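# quick one, structure for this:
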Amino acid sequence: MKAAFFYGPNKIKIKNINIDNASNDSLTLKVLSCSVCSYDVRTYRNGSFKVKPPIVLGHEICAETTNEFKGKNFKVKSQERVSIYPVIPCLHCWHCNQKKYNLCSNLKEIGSTVNGGYAEYISIPRTLFEIGGIVPVLDNVTNEEASLIEPLACCINGINQIKSIDFDSIVILGDGPIGLMQLMMLKRNFPSTQVMVVGKINHRLEMARKLGADKVYDVNNNSNFEPISNLFLELKDKQAPNLIIVSNNNANSLGVACKLANKNGKIIIFSGLNNPKGESQDIKEIPSIDANFIHYNQISVMGSFSSNPENLRMAMELVNSGEIKIKNLITNAFELYRLEDAIKNSESFQGLKSIINKF
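Numbering: from 1, shown residues only. Sure, this is the predicted structure:
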C-alpha cells in the first residue's frame, strides 16, 4: 500500500509498504477519506512532542471494513463505512474506568503515536471496537463528511461542559473550520443567545455570517487580535455570564479572552497554543494572565481536548439528519501524493477544509 510518512519538519515521503495483517489485537481498514487538521499543519512545520518520526499522520478518518468483525461488545459487517475515534485508551487507569477515554493517563493517538490515515489502509486496535470507537457512517453522510465527524465530536465534547449554563453572549476567537463547527453547535444549543465570531479571513467570516453568526469581527491579520474595541464595548457591563472560546492557536488569544470576559464569565481553551515567539508548536508555560482579574471577577478557565465515542455517535446523527451541515466546510480535495499541497493549502487559509480522498 501507499502511505505518506512524516520524517520531521517540512518532510513527507510517500512510500510503498506492506499492509499490516489483521491479528487478534488489531484489524485492517481501507481508508476512504482523511481530512487535514490544523494539528497536522503545525506538526508538519514544527514537529510535536507527541510525534516520533517516521510516522503516518492523519486522525480525521473515514474508512471501510475489509471483513466482518465480531467481538465482545461489537459487530461490524464487511465493506461497512465507519468513522474512527482516534484515541487509543489503556482501559486500566482511573479515567478509562470512568469512560473518559480522552483523558487516559497512558494515552496513545492515531496519527501521533501510531500510524494514521494518510495511507491506503490503517491498522486499528481491537480496543477501539470494544469501546464503541468505530462508528458506522449513516446513509446521508458522504465519505468526506464522515472524516469531519471527529472534529465535530470534539466541538460537542467542549460544548457539553457548559450546555446547562445560560449565557448573555458568546464569542468565538477563530474563524477556521473548528470555530465554524462550534458556531453551528452553539446556535443549536443556545438559539436565543448572541454568538459572535472574531477572525481574520474574509471568506471564512462570510461563511460565519451564512451559518448564523449574529456578528463577525475582522481583526485585520493583527497577531494580537487587536483592535476589537467595539466588541469590548458591546460586552462591557453585561450582568449575565458570557462565554469565550479560544478556537485558534495564537497564544495571545488567551489574553484577549480575559479582556473580553465579563464577571462570572467562562473561557474554554479549545486549541493547542503556539509559542508566541514562533519557535515551536509546543509551549511549556501558559501566556501571562492577570490572576487577580480571574479571582476578583470569578472567571472560570477550562480546557477541552478531543472527545469520547458517544460524541462521535451524536455528531454522526446530527450530520445525517441535516441538523448540522458540514458539507460547505469541505472546499478542497487532493490525492495522497499531494498531501504536502493539501497541508500548505490549509496553512495559507485557502478555502476551509482540505481532504485527502484519493489514494
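
# how about the residue most central in space within the chain, secondary structure?
In the chain, the centroid-proximal residue (C-alpha atoms, centre = their mean) is residue 151; its distance is 3.7 Å. Under DSSP: H, G, I helix; E, B strand; the rest coil, the three-state class of residue 151 is helix.

# could you verify my assumption that it touches residue 178?
Yes - applying C-beta atoms under 8 Å, one finds residue 151 in contact with residue 178, separated by 6.1 Å. Placement of C-beta: from N, CA and C, glycine included.

# picking that back up, for the residue nearest to the centre of the chain, give its distance to residue 30.
21 Å (C-beta to C-beta, to the nearest Å).

# do the same with residue 356
13 Å.

# more neighbours, these two?
Here residue 356 and residue 30 are compared on neighbour count by other C-beta atoms under 10 Å; more neighbours surround residue 356, at 29 against 17.

# that one belongs to a strand, doesn't it?
Yes - counting by three-state DSSP, residue 356 is located in a strand.

# once you drop chain neighbours, what's closest to it?
Leaving aside its chain neighbours, residue 356 sits nearest to residue 34 (4.9 Å; criterion: C-beta to C-beta, 6 or more residues apart in numbering).

# run a quick check on the one you found versus residue 355, I expect a contact.
Yes - Residue 34 is within contact range of residue 355, at 7.3 Å (criterion: C-beta under 8 Å).

# settle it for me: which of the two has more neighbours?
Ranked by neighbour count (other C-beta under 10 Å), residue 34 and residue 355 place residue 34 first, with 33 against 23.

# from residue 105, how far out is the more buried one?
Distance from residue 34 to residue 105, by C-beta to C-beta: 28 Å.

# residue 140 now?
Look at residue 140 and residue 105: by C-beta to C-beta, they are 38 Å apart.

# cool, and residue 64?
With distances taken as C-beta to C-beta, residue 64 is found 32 Å from residue 105.

# these two - which one has more neighbours?
Neighbour totals were compared for residue 64 and residue 105, and residue 64 leads with 16 against 11 (other C-beta under 10 Å).

# for the more buried one, pull up the helix or strand it's in.
strand 60-65 (DSSP states H and E).

# elements contacting that strand?
The helices and strands touching strand 60-65, judged by 3 or more C-beta pairs under 8 Å, 6 or more residues apart in numbering; DSSP states H and E, are strand 26-35, strand 81-84, strand 121-125, helix 143-146, helix 149-160.

# mind giving me the packing neighbours of the lowest-mean-pLDDT helix or strand in the chain?
Using mean pLDDT, DSSP states H and E, helix 229-235 stands out as the lowest-scoring helix or strand of the chain, at a mean of 70. On a contact count with 3+ C-beta pairs under 8 Å, 6+ apart, helix 229-235 meets strand 169-173, helix 253-260.

# right, and the helix or strand after it?
strand 243-246.

# got the contact list for that following strand?
For strand 243-246, contacts defined as C-beta atoms under 8 Å, 6 or more residues apart in numbering pick out 158, 162, 165, 167, 169-174, 179, 182, 253-254, 257, 260-261, 265-271, 273.

# make a ChimeraX selection of the buried ones in those residues.
Buried members of those, defined by 16 or more other C-beta atoms under 10 Å, are picked up in ChimeraX with:
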select :158,162,167,169,170,171,172,173,174,179,182,253,254,257,260,261,265,266,267,268,269,270,271,273
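
# in a helix, that's where residue 183 is, yeah?
Yes - checked against three-state DSSP, residue 183 lies within a helix.

# could you export the helices and strands packed on strand 60-65 to CSV, including columns for mean pLDDT and distance to residue 188?
Supplementary listing: those in CSV, determined by pLDDT from 0 to 100; distance: least, C-beta to C-beta, whole Å:
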stretch, mean pLDDT, distance to residue 188
strand 26-35, 95, 22
strand 81-84, 97, 20
strand 121-125, 95, 31
helix 143-146, 98, 17
helix 149-160, 98, 9
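
# could you redo those as TSV and give each row distance to residue 135?
Conversion of those to TSV gives the following (distance: least, C-beta to C-beta, whole Å):
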stretch	distance to residue 135
strand 26-35	13
strand 81-84	5
strand 121-125	12
helix 143-146	9
helix 149-160	7
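
# residue 133 is nearest to which of the ones you listed?
Counting by C-beta to C-beta, residue 133 lies closest to strand 81-84 out of these; the figure is 6.9 Å.

# packing partners for the closest one?
strand 26-35, strand 60-65, strand 134-136, helix 143-146, helix 149-160.

# can you do 10 Å?
When contacts are defined as 3 or more C-beta pairs under 10 Å, 6 or more residues apart in numbering; DSSP states H and E, strand 81-84 packs onto strand 26-35, strand 60-65, strand 121-125, helix 126-130, strand 134-136, helix 143-146, helix 149-160, helix 309-321.

# kindly report the domain assignment for the protein.
If you go by automatic domain parsing, the domain ranges for the chain are 2-153+306-358, 162-303.
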